[in-house]
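what's the 3D shape of this:
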Amino acid sequence: MAGPPVVQCRSCDGLSFTLDPCRCTYGGNRLLVDDSINDSEANRRTAGEAYQDCLECHGVGTVGRPCHPCRQTGRRRAQLVLTMANLDTGAVASANVVPGVVEPAPWPGDGGGNWYLPFAPVLRDLAAAVGVGVDSWADVRQPGDPDGPLVLLPRAWRPEHSAAVREVLEAEAIAGESNEAWRLYLGRAAVPPPREAAAELGRLCRLADLLCLDLVVEARRLVATDGLTWAIRFEVPGGPVPAEARGYADDLAAAITTTTVLDACYGLEERGLTAPAHQLTIGAPPPAPPPPDLDQLERRILADCLDLVTGEATAGAQAIWRDGRWWHTSLRTAGTTETLTEWSTGQIYSRRSSTLRRGWQPPAPSWQGSPIGYADCPDCDPHSLLKRCDCRLGTDRVDADCPKCAGSGRSPSLLHCYTCRGSRRLQCAAATVTITDLGGRVVHLTWQRDASGWRTGEFALHDDAPAGRQTGRADPGAGPAGPAGEETWRTGQQLPAPHVATHPGGKPLHQLPDHFRLAGWADHFGVRPEDLVELDGGGTLDHNLRKGTVTLDWPDADPLTEYLCGAARGRPGGRLFVLARRPDVPPLADLVRLVLGLRLTVTITLVDHVRNAGDLRLIQGESWDVTISVPGRLPAPADPPTRSTPEAATAYCLEYLELAIAGNVPDNPDQPIPVPQTPTPIVVDDPVPLLRRLARHHPGQSVAVHYDGVTCHVWLRERDDVRQIAAAPTLSVAIGALGL
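Numbering: from 1, shown residues only. This is a model prediction of the structure:
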């Protein structure tokens, strides 16, 4: 394959470095830089001057930096590769875009003054070649851009010019995309049904009722454009209005159709970090909400974006779905906050941001019970960035020679406090756990300590069950124990939490009864205990919460108190939300087939923790990892793998597939980008049972298989030594050669 056209880098003019204005010139020759530096005439006069004590430019005002667009080569490759891959079949087709390949088109409504390269027809042809459904694909880097990158041609380009002149100008435009020169689009064979906004909003309202959460539809005014941006999300009642806008939709319908259920849950913990904790009072199953009127809802929100008295624009408006109806309120500016940041120039940057409040607070929801008490966190200062220093971890003794805290026990940190996770309080009296599959099935667990000892109440809600069907359980295996909301189990002062193990440092490990072990609820949702993850972000659920174990850091600590404190620590309103659903990903064999079709390599690592069975201090089950790399890189087993199931490892790998795509673009602009074409994918044996067979013979050690498209290499990690133990055309042959 001949090399692609190469043009001189426009950013550095071929020098491989640039002379840029130093950061210190933004605020002028001053130590304190205000974010409103250009608001006054005096500030405008000083802006642009160099800070004389600058640590970067030393008062010169310019700094030399390596040119990143050309990777310090001074040249750019005029090549763009568009690849379409079918997740279901593994078929891959690519288009090699160089000057003269794509016919330019005039910019719509511009009268022929500007031209661009349309890639939507190219992507449709690629999708038809690999059997991907119409408009079902997404860019792994920019999921919201199904029509491909927007490449504008220079204004000098004209169709009447000669072919040589046109190709030179097209090469300049294509080279401008060199930072993302390989675009991968993933699609499915079956076209997903279109999302209807009203139906989606009704489903979100129903889910909010079941989860005992608020569904917030927000229109927020943008300062730069004075326009509105729309967002929809779940919130815990009592939390503040988020400081930053999270939505990018232009209207209500677009906000609904572009927001999935998991998107609406994302950031739930951060938004409700300071929300007050309350008991849940679960009554009869909430009725199904009526079909929403989107037009009326949108018009009411837009009306609240204007002050009825003065006619001035407000900061925005919200519609809150709570207790089966919409509550409307405007958003008002409540003040400003100042954040000080030290720049690398030695200056201090002051950023002021407006805080918002609701103009009117809706009444408390009917399912919100009595408040849960808490204690102020002893390890962080709410008025500063001071938090418990790392020198106190483990022993809680202050190191007088610590360079961070100078013996005070507290040091500044931008991270959340480890003790309270940023909530500023410790809640050890009660915790509420909500488990859901996001399909209408929800279970609420209430763990509480009261004056007579401790108790647990558990509730199950089914939106597809007959009216009134609802159970209160003492444990996952018990029968119905009375109506929901009723106390279902009680003991005396002594908690039956036996001592089951001792950590190497001497700290005891206790295990609470079945009522406090979330792993038992996996069967209730038809999943494995390993499939239970945190709803917000999909993080791995803590091993202690699955097994009901707690480590006591102090000799006289109470197991239940410590367990409740850990379960509710940093949770929104003291509530832990758990997702009980398998990841919606293709089988691991299909992922391997897809990666090989892209002409990349993949390494799958597994550790079998069978030796840890019964020892609740250690990791149980299996640990998986799937890593995609470029050809020619020496493979090695992951150390250590961190995902508990092959599906979770596959989902994590697909989420960061863009990194492997970017890594396969050669640094040398004279070397072309590979253009993978795999109309007939190869057949791959399912690696899961074969790797499990190998890992069972090497318990506690990392075993891995590396696929490079020609040979399967089997690796074994023994402590610090990594060695190849087999190589064959297929994994089944390699395992057979090992006598397994």
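
can I assume Pro371 is in contact with Pro276?
Yes - Pro371 is in contact with Pro276 according to CB atoms under 8 Å; the separation is 6.0 Å. C-beta coordinates here come from the backbone N, C-alpha and C atoms, glycine included.

So between those two, which is more surrounded?
Applying other CB atoms under 10 Å to Pro371 and Pro276 shows that Pro276 carries more neighbours, namely 16 against 12.

Check the secondary structure at the more buried one for me.
Following DSSP: H, G, I helix; E, B strand; the rest coil, the label given to Pro276 is coil.

same question, the one 10 residues further on
Secondary structure, three-state DSSP: Pro286 is coil.

and it, what does it touch?
206, 209-210, 324 (CB atoms under 8 Å, 6 or more residues apart in numbering).

Gln279 too?
Gln279 touches 368-372, 430, 432, 446, 448, counting by CB under 8 Å, 6+ apart.

And the next helix or strand past the helix or strand where it lies?
Using DSSP states H and E, the element containing Gln279 is strand 278-280. For strand 278-280, the following helix or strand on the C-terminal side (DSSP H and E) is helix 294-304.

Quick check: mean pLDDT of that following helix?
Here helix 294-304 scores 94 as its mean pLDDT.

And the contacts of it?
197-198, 201, 217, 219, 228, 251-253, 256, 314, 317-319, 326, 328-330.

Need phi/psi at the residue lying closest to Pro635 once chain neighbours are set aside.
For Pro635, ignoring the flanking residues on the chain, the nearest one in space by CB to CB, 6 or more residues apart in numbering is His706 at 3.8 Å. With angles defined as degrees, to the nearest 10, His706 sits at phi -120, psi 120.

so His706 touches His713, yeah?
Yes - between His706 and His713 there is a contact under CB under 8 Å: 4.4 Å.

now the helices for the stretch 551-700 of the chain?
In the stretch 551-700 of the chain, the helices defined using DSSP state H, counting those that start in this stretch lie at 559-568, 588-597, 646-655, 657-663, 687-697.

List the buried residues of the fourth one.
I take that to be helix 657-663. Within helix 657-663, the residues that count as buried by 16 or more other CB atoms under 10 Å are 657-658, 660-662.

Next: stretch 387-407.
Buried residues in stretch 387-407 (16+ other CB under 10 Å): 387-389, 391-392, 398-399, 402, 405.

Export these as JSON lines, with columns for distance to Arg271.
Formatted as JSON lines, the buried residues of stretch 387-407 follow (distance: CB to CB, whole Å):
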{"residue": "Lys387", "distance to Arg271": "22"}
{"residue": "Arg388", "distance to Arg271": "25"}
{"residue": "Cys389", "distance to Arg271": "29"}
{"residue": "Cys391", "distance to Arg271": "33"}
{"residue": "Arg392", "distance to Arg271": "30"}
{"residue": "Val398", "distance to Arg271": "35"}
{"residue": "Asp399", "distance to Arg271": "36"}
{"residue": "Cys402", "distance to Arg271": "34"}
{"residue": "Cys405", "distance to Arg271": "31"}
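
Pick out the most distant pair among those.
Spatial extent of these (CB to CB) is set by the pair Lys387 and Asp399 at 15.5 Å.

which stretches of the stretch 251-400 of the chain aren't confidently modelled?
For the stretch 251-400 of the chain, the stretches with pLDDT under 70 are 394-396.

let's go with 80 and repeat that
282-285, 308-311, 382-385, 392-397 (pLDDT under 80).

just the helices in it please.
Here the stretch 251-400 of the chain has its helices, by DSSP H, counting those that start in this stretch, at 252-257, 261-265, 268-271, 294-304.

quick one, which of those is packed in tightest?
Neighbour counts (mean count of other CB atoms under 10 Å) averaged over each of those peak at helix 268-271, with a mean of 21.

hmm, back to that, could you name the stretch from the helices of the stretch 251-400 of the chain that's closest to Gly64?
helix 268-271 (39.1 Å).

Which strands or helices does the closest one pack on?
strand 228-235 (3 or more CB pairs under 8 Å, 6 or more residues apart in numbering; DSSP states H and E).

Looks like Gly247 contacts Glu218 (just checking).
Yes - Gly247 is in contact with Glu218 according to CB under 8 Å; the separation is 6.9 Å.

between these two, what contacts are shared?
Common neighbours of Gly247 and Glu218, counting by CB under 8 Å, 6+ apart, are 230-232.

Point to the residue nearest the middle of the chain.
The C-alpha lying nearest the average C-alpha coordinate of the chain belongs to Gly537 (CA atoms, centre = their mean; 5.0 Å).

Might you report the residue contacts of the closest residue to it other than its chain neighbours?
Among residues not flanking Gly537 along the chain, Tyr266 sits closest, at 6.5 Å (CB to CB, 6+ apart). With contact taken as CB under 8 Å, 6+ apart, Tyr266 is in contact with 233, 536-537.

Pick the one among those residues closest to Asp145.
Of the contacts of Tyr266, the one sitting nearest to Asp145 (CB to CB) turns out to be Arg233, at 22.9 Å.

Roughly how far does that closest one sit from Ala199?
Distance from Arg233 to Ala199, counting by CB to CB, to the nearest Å: 19 Å.

So for these two, which residue has more residues nearby?
Arg233 (23 against 12).

In the sheet, which residues pair with the more buried one? Tell me.
When assigned by DSSP bridges, Arg233 has beta-bridge partners Val216.

right, and it touches Val216 too?
Yes - the pair Arg233 / Val216 is scored as a contact, 5.6 Å apart, by CB under 8 Å.

ok so, going back, for Leu659, see how far away the residue nearest to Gly537 is.
Tyr266 is 21 Å from Leu659, by CB to CB.

try Ala589
22 Å.

Equivalent analysis for Val626, please.
Applying CB to CB, the value for Val626 to Leu659 is 13 Å.

Next: Ala568.
The value you get for Ala568 to Leu659, if CB to CB is used, is 35 Å.

Which parts of the stretch 401-550 of the chain are strands?
410-412, 425-426, 430-436, 441-450, 453-462, 470-473, 499-502, 508-511, 532-534, 549-551 (DSSP state E, counting those that start in this stretch).

strand partners of the third one, parallel vs antiparallel please.
Taking DSSP bridges as the criterion, strand 430-436 pairs within the sheet with strand 441-450 (antiparallel), strand 575-580 (parallel).

neighbours of Glu338, just the number please.
For Glu338, using other CB under 10 Å, the count is 10.

That one contacts Tyr349, doesn't it?
No - Glu338 is not in contact with Tyr349 according to CB under 8 Å; the separation is 10.6 Å.

out of the strands of the stretch 401-550 of the chain, which comes closest to Val97?
Among those, strand 532-534 sits nearest to Val97 (CB to CB), with 39.7 Å.

Thanks a lot, see you next time.
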